[in-house]
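J.: Sequence unavailable; structure follows:
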Ligand SMILES: [Zn+2]
């Protein structure tokens with residue numbers, strides 16, 4: 001076994017996909033730690049609070065499954081922002097907002113009971129919507145950040161790209177400050193190297209898709225984000241976004257290519273997860 005832990009900081013597992021196979025592939029490639037992120041498991045938008053409860057529990061079950069197979073796994077839950085426009089369509093903006101705020105409340109209850117590590121993925125809509133919709137998203141996000149800050153917990157952010165909103169990181173930083181959340185605990189997921197730099201400039205954390213070219217770029221630059229696959233475990237779209245064994249495989253490649261030495265590995269897989277997620281990856285039990 002590698003002397004250093006190897007963590008995928010953002011992966012989804014779905015009971016209707018192949019969660020056992022995915023975790024096997026991760027472990028077989030030398031991976032050790034997983035942050036399993038909640039995803040919408042059903043086709044249509046959630047319209048009842050109780051369905052959020054059931055869906056969040058599914059994520060916890062996926063985490064338990066990964067742990068039972070030998071992975072060091074944690075999970076985060078929260079109402080997916082991409083659902084909000086559909087909820088608005090079905091029930092109107094007031095009720096949709098109320099539902100998402102209540103779902104954040106549920107997630108915070110689970111945080112209090114120790115079932116989950118943090119909140120996510122929460123944030124803003126990634127496709128074009130009216131500014132009023134993003135304003136509602138921000139209200140949900142502020143509640144998530146306030147709750148997380150009181151518990152010193154991480155918040156995994158799903159948002160539009162910096163290409164479509166060049167003020168994104170400054171805006172997210174302001175929301176953190178308003179909510180009292182340490183900026184390091186706000187993790188911009190689905191980052192590329194440019195997004196990583198933009199997040200770091202604002203003191204935010206970033207989780208980068210672990211592609212070879214991305215990894216080469218950030219290591220040559222000497223920056224260390226979290227590494228993720230954002231694997232969605234959807235049998236109709238296998239290996240999307242990246243295959244579940246990508247982080248261990250690409251880290252090994254970077255070591256062999258002499259892009260990553262021991263100090264770099266320590267930074268990437270111990271210091272960064274501690275700073276962003278509050279996870280001690282050196283604690284193997
Ligand atoms: Zn995701």
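T.: Sure thing, it's come through. In this text the structure is predicted, and so the values were computed from the model without any measurement.

J.: When you work out contacts or count neighbours from here on, use the C-alpha atoms and nothing else.
T.: Will do.

J.: count of residues packed around the residue nearest to residue 209 when sequence neighbours are not counted?
T.: Nearest residue to residue 209, sequence neighbours excluded (Cα to Cα, 6 or more residues apart in numbering): residue 228, at 5.0 Å. For residue 228, the number of neighbouring residues by other Cα atoms under 10 Å comes to 27.

J.: Pull the contacting residues for residue 228.
T.: Applying Cα atoms under 8 Å, 6 or more residues apart in numbering, we find residue 228 in contact with 8, 9, 10, 11, 190, 207, 208, 209, 210, 247.

J.: next one: residue 155
T.: By Cα under 8 Å, 6+ apart, the neighbours of residue 155 are 118, 119, 120, 121, 122, 144, 145, 148, 185, 186, 187.

J.: So which of these belong to helices?
T.: The helices, defined by DSSP state H, take in 144, 145, 148 from the contacts of residue 155.

J.: you'd agree the first one is up against residue 121?
T.: Looking back up the chat, that one is residue 144. No - counting by Cα atoms under 8 Å, residue 144 stays clear of residue 121, with 10.3 Å between them.

J.: okay, the two: which has more neighbours?
T.: Shown here are residue 144 and residue 121; by other Cα under 10 Å, residue 144 has more neighbours (28 against 25).

J.: Could you report the separation of residue 5 from residue 255?
T.: 14 Å (Cα to Cα, to the nearest Å).

J.: Mind checking which of the two has more residues around it?
T.: Higher neighbour count among residue 5 and residue 255: residue 5, with 22 against 14, using other Cα under 10 Å.

J.: check contacts around the more buried one.
T.: 31, 32, 33, 269, 270, 281, 282.

J.: what's the nearest residue to residue 149 if we skip its chain neighbours?
T.: Nearest to residue 149 is residue 181, by Cα to Cα, 6+ apart, at 4.5 Å.

J.: separation between the one you found and residue 133?
T.: Taking Cα to Cα, one finds residue 181 at 23 Å from residue 133.

J.: quick one, which of those two is more surrounded?
T.: residue 181 (26 against 18).

J.: Spit out the contact partners of that one.
T.: By Cα under 8 Å, 6+ apart, the neighbours of residue 181 are 145, 146, 148, 149, 150, 152.

J.: Tell me where the model's unsure across this protein.
T.: 1-2, 284-285 (pLDDT under 70).

J.: where do the helices sit along it?
T.: Using DSSP H, helices in the chain cover 19-28, 49-68, 84-91, 93-112, 131-150, 168-179, 193-201, 212-221, 246-256, 262-266, 272-277.

J.: So which bits of the third one are buried?
T.: It stands for helix 84-91. Within helix 84-91, the residues scored as buried using 16 or more other Cα atoms under 10 Å are 84, 85, 86, 87, 88.

J.: ok, back up a step: okay, the contacts of residue 228 in a markdown table with neighbour count next?
T.: Formatted as a markdown table, the contacts of residue 228 follow (neighbours: other Cα atoms under 10 Å):
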| residue | neighbour count |
| --- | --- |
| 8 | 29 |
| 9 | 29 |
| 10 | 27 |
| 11 | 23 |
| 190 | 23 |
| 207 | 30 |
| 208 | 28 |
| 209 | 27 |
| 210 | 26 |
| 247 | 26 |
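
J.: so of these, which ones are in strands?
T.: Using DSSP state E, 8, 9, 10, 11, 190, 207, 208, 209 are the members of those that sit in strands.

J.: which of the residues you listed lies closest to residue 243?
T.: Distance to residue 243 across these (Cα to Cα) is lowest for residue 11, with 9.8 Å.
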